[in-house]
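[1] quick one, what's the 3D model for this:
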Amino acid sequence: MFIDLIGEAGVLSESETWLGLFMLLMFSALSSLVIFIVCRAYFADIPQERPLSGSLIPAAVLTTLIYYQNSMLPGLSILMIAILAFIHYRSVIKDMADVSFVFWTVLTGLMIGAGLTWPVLLANVVVAAAALGWFRFRTGQQGYLLLIRFKLEAAKAVFASLQPMQGDIHSQHEQDGMIDLAVEVKLCNISLDQVDQIAAIEGVESAVMVSRDKLEANKKSR
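    Have a look, this model is predicted:
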């Protein structure tokens, strides 16, 4: 019965057709939620808002809806989706990573609209697990910059908290009683809890840890 609702909703009663469409959209939202999680994890260490991630779930659901409603003319539906993707994403795509997430999202919506619900969901979960595992492995291998902005009177406490991290000072600038400090660290030597502890020191205005590779790539794409 479930397969009939998903795969042959067009030949069933009106209530069953609506139920089949609802199930498709729910699967699309769930599958794209997996993409959203991977996208947020990938851009987690870039201190710049990425509006792309917030649009992935609605885009997948809308793609599924368009393809489902025009299943008799798949060429037309794919053209409509391509136009929609171009209009919506042209202002938020910054690099090839963004293009990959958009392609993954649109493909997910298309395949679920075609009725391949479980295979797409399972494939997305497997790909997401592999991607998150790779992100976790890479974070322990690459260098990060710990960016701290603090007042002069907080310098002693800040440098004392940096000693256990085995980091190297990348740059240090003082202006108007404020110090901007960039320290090169490895994620295996520092945790996000330590960053929060530095940020909580009195006189510290901000403390952020960013990936040097992603930060440079993000600057080039702007």
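[2] for the rest of this, base every contact and every neighbour count on C-alpha atoms.
    Fine.
[3] stretch 97-110 - what's its average pLDDT?
    For stretch 97-110, the mean pLDDT works out to 86.
[4] which positions within that stretch qualify as buried?
    Buried residues in stretch 97-110, counting neighbours by 16 or more other Cα atoms under 10 Å, are found at 98, 101, 102, 104, 105, 106, 107, 108, 109, 110.
[5] what helix or strand is the nearest residue to residue 211 once chain neighbours are set aside located in?
    Nearest non-adjacent residue to residue 211, counting by Cα to Cα, 6 or more residues apart in numbering: residue 144, 4.6 Å away. Take DSSP states H and E as the rule and residue 144 turns out to sit in strand 143-151.
[6] what of residue 202?
    Counting by DSSP H and E, residue 202 is found in no helix or strand.
[7] so it sits against residue 156, correct?
    No - Residue 202 lies out of contact with residue 156 (Cα atoms under 8 Å); the separation is 11.2 Å.
[8] higher neighbour count, those two?
    residue 202 (13 against 9; other Cα atoms under 10 Å).
[9] and the nearest residue to the more buried one once chain neighbours are set aside, how close does it get to residue 171?
    Using Cα to Cα, 6+ apart and skipping residues adjacent in sequence, the residue nearest residue 202 is residue 154, 6.7 Å away. Distance, residue 154 to residue 171, using Cα to Cα, to the nearest Å: 17 Å.
[10] neighbour count for these two, which is higher?
    residue 154 (16 against 11).
[11] ok so the more buried one is a strand residue?
    No - Residue 154: not assigned to a strand; according to DSSP: H, G, I helix; E, B strand; the rest coil it is helix.
[12] distance of residue 172 from residue 38?
    Distance from residue 172 to residue 38, by Cα to Cα: 34 Å.
[13] contacting residues around the residue nearest to residue 148 when sequence neighbours are not counted?
    The shortest distance from residue 148 to any non-neighbouring residue, by Cα to Cα, 6+ apart, is to residue 207 (4.4 Å). For residue 207, the residues meeting the contact criterion (Cα atoms under 8 Å, 6 or more residues apart in numbering) are 146, 147, 148, 149, 195, 196, 198, 199.
[14] strands of the protein, start to end?
    143-151, 168-175, 178-186, 204-211 (DSSP state E).
[15] could you dump the ones you listed into JSON lines with distance to residue 160 and mean pLDDT added?
    Converted to JSON lines, the strands of the chain look like this (distance: least, Cα to Cα, whole Å; pLDDT from 0 to 100):
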{"stretch": "strand 143-151", "distance to residue 160": "13", "mean pLDDT": "86"}
{"stretch": "strand 168-175", "distance to residue 160": "13", "mean pLDDT": "84"}
{"stretch": "strand 178-186", "distance to residue 160": "13", "mean pLDDT": "85"}
{"stretch": "strand 204-211", "distance to residue 160": "13", "mean pLDDT": "84"}
